[in-house]
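*Asks:* Okay, sequence plus prediction incoming.
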Amino acid sequence: MEAYCLRKMKQHFRLGDAFFYNTPYCMLSTIYYTIFVFCIAVLYSCHPARQGDEMTIKKVNDWYSQQNYYAQLNRGDSVLHYALLIEAAAKNLPVAYQAMAVIGKARYNVGKKIKLSVKLYEQSLGMLEHTKADSLIGRAYNGLGVSYIKMSDYSNALEYYFKALRLFEKINDTKGIGGVLANIGEVYQVKNDLPTAKKYILRSMEVNKAKYTLSYLDAAQTLANIYGMNNQFDSALAIDKMGIRAADSIGATSAKSTFYNNMGNCYMYSNRPDSAFYYFNQCLIIDAASRNLSFMVDNYLTLGDLAFQQKQLMQSEQYFLSAIALSDSIHENQAKYQAWKQLANLYRQQNNLTNAINAKDSATAVKDRIINEKSENKIAELQELYETEKKEQTIALQQSILSKQQLLLVGSAVLMASLLFSGWLMYRRYTIKKEKELQASLIQQREKATLDILHAEDQERRRIAAELHDGVGQVMIAAWMNLQVLESQLVTLDLSQQQLLAKATLMVGEGCKEVREVSHAMMPNALLNKGLIGAIRDFTQQIDSKVIAINLHTEGLNEPMEEIVETILYRVIQESVNNTIRHANANQLDISIHNNPDGISLLIEDNGKGFDTNRIVSNDAKSEGLGLQNIKSRIAFLNGTVQWDSSANNGTLVSIYIPAKNEKV
């Protein structure tokens, strides 16, 4: 059974899984066109699609697909060929594309220069450290696992396999997951932990159950090995036959070779040599058709051993000689050494001592050559390791320079954006400041114009009042006095004439009184002489209490107010009282004036019929009336507020508030 396990290890990792990767993208955006143009230059240097010709990138991706394909077929020379093509084409491409070539060279060396393979995989991981190419990183981890298995370092192999598994699970790469699970199962198989190996192999087959893939076939072949190592040959043969059908269904003819080889081993170890010969020869036919010469040598050696066990010495000799001849063509000295060693045993059994000695000498010569080749390969590997380290240092230096350049470009873009944005903010602040200054100037001009209008209106009222009082009023009084004199002198007039004269005298007297009242209403002397409260008292006392009873309450009005404030308040009270008398049908009116440090409050309340306040809220000039408009505009000039609260049959309340230290006045 130990020989069975060793023979299975020769087939280890003949199959692979597919490659998936993603590429990082850089994105910058700014507000202004200049910044946008500058950042486009930065993007041009950062974006993978801008750093190389798109046709070159397409070629590199195609070559990498070919590299993966030949890696699955264990065709190392083809893998190296496409890796070198990628290396030459990807010099000016992003680092992820360059890493494809390094991974290809690592694959090529995994069966030849194992330490160099490890170094190359580690170099690819260093190149991919700051990228988002998770699938490529997973591929490098998986390759390191394969390399450490070749060195029988199972702990490191499992560590890297599980790292690859976590990455493939992160990006939901089912093919990658299935392939790594199969590899983990093979590690436990080699360690002879068959239950654990079986667990991971079954998981791998479960992941790939939706469609047959090379990863699925690889897992199935390992599961068959596990059953064979447990001497469960029937179960192993059943899986091998299923694997052959699966390989046929996806056209993977070369994959059938591994299953035929498994079946040959099952029949050989279950003592059924005829069937073993048949399946080993089937394996040989497939390997010959696919030009897999290394596995043909392995099959010749296996057939030679099987024939030797069956005492078919001449046939065994032919198989060993075929293995030697084929080994020469591919420089496979280890297999050649095994073949000469077995031939020496065969010739001794035939008592052909001369050929036995020659065969033993040939085996010794091949062994010496192997030792020399190992030394030469070691020297070559050390040289390649040195060259690889130099390349790695060069790449790291280039990446450092590129990172600094990109950082400088990005920093310059950010700095320019900050400067332009700061400049825009300063200009915006300047514009807003000028707009505020202009607005303040317009408000001041408007306020000055309003104040001038109010002063002009007040002066005009004074002029008209003076004209009425000193002009028309004096004439009317003179006429009234003359009529009174005439009335006392013309006693000889008849009754009707005396009545007519008396009536004319009365009418002229009423006219004099009316002119006086109008004159005082337009500019009451009391407002000039007695202040606001005195003027209001004079005004309200002139109204007959039988028409309406007016109650006046004041508080905090000991100090005189500014002339324009007193004038506006007086006019507002005058307008409100007149409105109440004309429209409210009220018999009681309360006026309250309160002056405190915060401002002046004025309340005018009547018990009249009220009115609909919606016409005031609607701001409809026609519905409000000229009186209400005058009140609103006058109070607004003092930066105050006015509100009317009224409803049907519930009277009306006028509430006015004027803030203190009014800046508009």
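*Replies:* On my side now, so go ahead. Residues are numbered from 1 along each chain as shown.

*Asks:* State the pLDDT value of Glu624.
*Replies:* pLDDT for Glu624: 54.

*Asks:* And the one 10 residues further on, by the same measure?
*Replies:* Taken from the predicted model, the pLDDT recorded for Arg634 is 81.

*Asks:* Am I right that it sits in a strand?
*Replies:* No - Arg634 is assigned helix when assessed by DSSP: H, G, I helix; E, B strand; the rest coil, not a strand.

*Asks:* That one - how many residues pack around it?
*Replies:* 21 (other CB atoms under 10 Å). C-beta coordinates here come from the backbone N, C-alpha and C atoms, glycine included.

*Asks:* distance of it from Asn595?
*Replies:* 18 Å (CB to CB, to the nearest Å).

*Asks:* Equivalent analysis for Ala197, please.
*Replies:* Distance from Ala197 to Asn595, by CB to CB: 100 Å.

*Asks:* try Asp452
*Replies:* In terms of CB to CB, Asp452 sits 27 Å off from Asn595.

*Asks:* Flag the shaky bits of the stretch 301-450 of the chain, pLDDT-wise.
*Replies:* Segments of the stretch 301-450 of the chain classed as low confidence (criterion: pLDDT under 70) are 373-396, 398-399, 447, 450.

*Asks:* Which residue ranges of it form helices?
*Replies:* 313-330, 333-349, 353-466 (DSSP state H, counting those that start in this stretch).

*Asks:* which one of these is the most hemmed in?
*Replies:* Among the helices of the stretch 301-450 of the chain, helix 333-349 has the highest mean neighbour count (mean count of other CB atoms under 10 Å), at a mean of 20.

*Asks:* got the contact list for it?
*Replies:* 297-298, 300-301, 304-305, 308, 313, 316-317, 320-321, 323-324, 327-328, 353, 355-357, 359-360, 362-363, 366-367, 369-370, 373 (CB atoms under 8 Å, 6 or more residues apart in numbering).

*Asks:* Which one of Ala197 and Asn595 is surrounded by more residues?
*Replies:* Between Ala197 and Asn595, counting by other CB under 10 Å, Ala197 is the more crowded of the two (23 against 19).

*Asks:* which ones are touching that one?
*Replies:* Counting by CB under 8 Å, 6+ apart, Ala197 has contacts Gly185, Glu186, Val187, Tyr188, Gln189, Lys191, Thr222, Ile226.

*Asks:* Nearest residue to it in space, please, no chain neighbours.
*Replies:* Tyr188 (3.6 Å; CB to CB, 6 or more residues apart in numbering).

*Asks:* how far out from the middle of the chain is the host helix or strand of the one you found?
*Replies:* For Tyr188, the host element (DSSP states H and E) is helix 174-190. Remark: helix 174-190 is offset 36 Å from the chain centroid, using CA atoms, centre = their mean, to the nearest Å.

*Asks:* other SSEs contacting it?
*Replies:* Other helices and strands packing on helix 174-190, by 3 or more CB pairs under 8 Å, 6 or more residues apart in numbering; DSSP states H and E, are helix 2-10, helix 134-150, helix 154-170, helix 194-207, helix 214-229.

*Asks:* for those, which one sits closest to Ser646?
*Replies:* When the helices and strands packed on helix 174-190 are compared for distance to Ser646 using CB to CB, the nearest one is helix 154-170, at 74.5 Å.

*Asks:* which strands and helices sit next to the closest one?
*Replies:* Short answer (3+ CB pairs under 8 Å, 6+ apart): helix 154-170 packs on helix 134-150, helix 174-190.

*Asks:* what helices or strands is the first one leaning on?
*Replies:* Put plainly, it is helix 134-150. Using 3+ CB pairs under 8 Å, 6+ apart: helix 134-150 touches helix 95-109, helix 114-127, helix 154-170, helix 174-190.

*Asks:* can you give me the angle that helix makes with helix 114-127?
*Replies:* Counting by axes from the mean of the first three to the mean of the last three CA atoms, to 10 degrees, helix 134-150 lies at 160 degrees to helix 114-127.

*Asks:* Just give me the closest of the contacts of Ala197 to Ala164.
*Replies:* Distances from Ala164 to the contacts of Ala197, taken by CB to CB, are shortest for Val187, at 12.5 Å.

*Asks:* Can you tell me which helix or strand of the protein has the lowest average pLDDT?
*Replies:* Lowest mean confidence among the helices and strands of the chain (mean pLDDT, DSSP states H and E): helix 2-10, at a mean of 43.

*Asks:* Lys530 touches Leu557, doesn't it?
*Replies:* No - the criterion here is CB atoms under 8 Å, and Lys530 misses it with Leu557 at 11.9 Å.

*Asks:* count of neighbours near Val146?
*Replies:* Val146 has 24 nearby residues by other CB under 10 Å.

*Asks:* ditto for Asn208
*Replies:* 25.

*Asks:* same check, this time on the one 5 residues further on
*Replies:* Each residue near Thr213 was counted by other CB under 10 Å, and the total is 21.

*Asks:* now it: how far from Val410?
*Replies:* Distance from Thr213 to Val410, by CB to CB: 43 Å.

*Asks:* and what of Tyr188?
*Replies:* Using CB to CB, Tyr188 is found at 48 Å from Val410.

*Asks:* go on, Ile593?
*Replies:* Distance from Ile593 to Val410, by CB to CB: 70 Å.

*Asks:* the domain parsing of the chain - what is it?
*Replies:* 21-172, 292-386, 449-523, 527-659 (automatic domain parsing).

*Asks:* right, so those domains: which one is the most enclosed?
*Replies:* Most buried among the domains of the chain, counting by mean count of other CB under 10 Å: domain 21-172, with a mean of 19.

*Asks:* and the gap between Asp153 and Asn649?
*Replies:* 104 Å.

*Asks:* With Met314 instead?
*Replies:* Distance from Met314 to Asn649, by CB to CB: 136 Å.

*Asks:* Could you do Ser257 as well?
*Replies:* 110 Å.

*Asks:* what do you get for Leu552?
*Replies:* Distance from Leu552 to Asn649, by CB to CB: 25 Å.

*Asks:* Then Ala83?
*Replies:* Counting by CB to CB, the gap from Ala83 to Asn649 is 102 Å.

*Asks:* And Asp240, by the same measure?
*Replies:* Taken as CB to CB, the span from Asp240 to Asn649 is 108 Å.

*Asks:* now Gly511
*Replies:* Distance from Gly511 to Asn649, by CB to CB: 39 Å.

*Asks:* With Lys150 instead?
*Replies:* 107 Å.

*Asks:* now do Asn551
*Replies:* Distance from Asn551 to Asn649, by CB to CB: 21 Å.

*Asks:* got it, and Ala504?
*Replies:* In terms of CB to CB, Ala504 sits 45 Å off from Asn649.

*Asks:* Same question for Tyr148.
*Replies:* In terms of CB to CB, Tyr148 sits 102 Å off from Asn649.

*Asks:* Got phi/psi on Ile656?
*Replies:* Geometry field for Ile656 lists phi and psi as phi -130, psi 130, criterion degrees, to the nearest 10.

*Asks:* Next one, pLDDT for it please.
*Replies:* pLDDT, Ile656: 93.

*Asks:* Remind me which helix or strand the closest residue to it other than its chain neighbours belongs to.
*Replies:* Distance criterion CB to CB, 6+ apart; nearest residue to Ile656, sequence neighbours excluded, is Leu602 at 4.1 Å. For Leu602, the element it lies in under DSSP H and E is strand 599-606.

*Asks:* And that strand, what does it pack against?
*Replies:* Where contact means 3+ CB pairs under 8 Å, 6+ apart, strand 599-606 is packed against helix 563-579, strand 588-596, strand 652-659.

*Asks:* chain center to that strand: distance?
*Replies:* 60 Å.

*Asks:* Other residues contacting it?
*Replies:* Under CB under 8 Å, 6+ apart, the answer for strand 599-606 is 561, 565, 569, 572-573, 576-577, 580, 584, 586, 588-594, 640, 651-660.
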